[in-house]
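In: Sequence below, structure please.
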Amino acid sequence: MTVPTSSDLSRNETTMTATVATSVAPATGRIVRPAALAALAAFAVTTWTAAPAAAQSATATDAWIKVCRTDEKAKKEICKTAYDLRTSGGQFLASISVVEVSGEARKILEMIMPTNLLLQPGLKVQVDQNKAEDAKFTLCASDGCVSQLSVAEAFTASLKKGGSMSIVAYGPAANPVTFTVPLDSFKAANEGKSLDDEALKKRDEAIAAEIQAKQKSIEDQMREAQHKAQQAKP
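Out: A predicted model of the protein is given here:
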C-alpha cells in the first residue's frame, strides 16, 4: 500500500478527521502495517479515513482504540491508544497514538505522517487552545515519516478532556498542512479495556466493508456525473 504524499493534499492549509483500524501479530504484541511502515517503529498502528474540514457523520469505526501487550522480558504491559487517518476513499494517510508502559510516568505521542513534508520544521502539536508542542521527525521511509514526542501525564489529561488535537506539518512550499483529530472518544478508549484479537479482527472487517461502500459511492457519483455530462451535450 502506498501512502499519499502531502502533494496530494491542498496547497493551502488542509484539515482532516479520521477513523481507525489495526492488525495485531499476537506472538510479538506488535501492531503491524504494510511495507516499510512496519519497520519504522515497533508497536506501530495502521489504517485511516480522512475527510475535509467539513464535519462528517460518525461511524462505528470512527473512534480511538486501545491495544495492550505484555513485554515478557521487562514484565511490563505496553498499551497503545490509537487513532488512524484515512482519505475519504479509504487510503491510509497518517497514524496518531499514545504509548504507555506500566510503571513509567513518561508517555510517547507517536505520529506517522505522509511523505513529501519538510522535515526540518518538524510538527506542531496542540490540544484545543493549549500551548503548542514541537515534535521532530525521527525516521522516514518511502511510505511515511515517524515523529515521537515524549509527553507527561498532564498531556494525556488534556487529551481526555479536550475537543480536538491539531498536528501542523509543512509542505514543500512551507505551506501549513493541518491534521485535526477529534478527541471525544479518547478518554473512554484510554481508560477502557484493551481490544482483544477477535475484536480487532471484527473491526478490520467492518472498516474494510465501510471502505468498500465509500469507494462504490464515489464510483457511482462519478458515473452519474459522466452520464449527466453526456446528456448535456448538444
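In: mind listing the strands for this protein?
Out: Ranges of strands within the chain are 24-25, 30-31, 65-71, 76-86, 92-101, 107-113, 123-127, 133-135, 137-140, 145-151, 164-170, 176-182, based on DSSP state E.
In: the inter-axis angle of the fifth one versus strand 107-113?
Out: In this case it means strand 92-101. Strand 92-101 runs at 170 degrees relative to strand 107-113, counting by axes from the mean of the first three to the mean of the last three Cα atoms, to 10 degrees.
In: Dump strand 92-101 to PDB, restricted to CA.
Out: Taking C-alpha atoms only, strand 92-101 is exported to PDB below (Å, rounded to 0.1, in the frame of the first residue of the first chain):
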ATOM      1  CA  PHE A  92      -4.000   5.300   4.600                       C
ATOM      2  CA  LEU A  93      -2.800   8.700   5.400                       C
ATOM      3  CA  ALA A  94      -1.400   9.000   9.000                       C
ATOM      4  CA  SER A  95      -1.500   7.400  12.400                       C
ATOM      5  CA  ILE A  96      -1.600   9.100  15.800                       C
ATOM      6  CA  SER A  97      -1.100   7.200  19.100                       C
ATOM      7  CA  VAL A  98      -0.200   7.400  22.700                       C
ATOM      8  CA  VAL A  99       2.100   4.700  24.000                       C
ATOM      9  CA  GLU A 100       2.200   4.000  27.700                       C
ATOM     10  CA  VAL A 101       4.300   1.500  29.700                       C
END
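In: Can you tell me the strand partners of it and which way each runs?
Out: Strand 92-101 has its sheet partners listed here by DSSP bridges as strand 76-86 (antiparallel), strand 107-113 (antiparallel).
In: between those strands, which one is nearest to residue 132?
Out: Proximity to residue 132 (Cβ to Cβ) singles out strand 107-113 among these, at 12.8 Å. No exception for glycine: its C-beta is placed from N, CA and C like everyone else's.
In: Residues in contact with the closest one: which ones?
Out: With contacts defined as Cβ atoms under 8 Å, 6 or more residues apart in numbering, strand 107-113 is touched by 37, 40-41, 44-45, 94-100, 123, 125, 135, 137, 144-153, 155-156, 167, 169, 179.
In: Now stretch 220-227: buried residues?
Out: When neighbours are counted by 16 or more other Cβ atoms under 10 Å, no buried residue of stretch 220-227 is found.
In: Helix or strand with the lowest mean pLDDT in this structure?
Out: Lowest mean confidence among the helices and strands of the chain (mean pLDDT, DSSP states H and E): strand 24-25, at a mean of 29.
In: Return the set of buried residues in the lengthiest helix in the chain.
Out: Taking DSSP state H as the criterion, the chain has its longest helix at helix 197-232. By 16+ other Cβ under 10 Å, the buried positions in helix 197-232 come out as 200, 203-204, 207, 210-211, 214.
In: Would you mind measuring from the closest residue to residue 125 other than its chain neighbours to residue 106?
Out: Spatially, and ignoring its direct neighbours in sequence, residue 125 is nearest to residue 133 (4.6 Å; Cβ to Cβ, 6 or more residues apart in numbering). Here residue 133 is placed at a distance of 14 Å from residue 106 (Cβ to Cβ, to the nearest Å).
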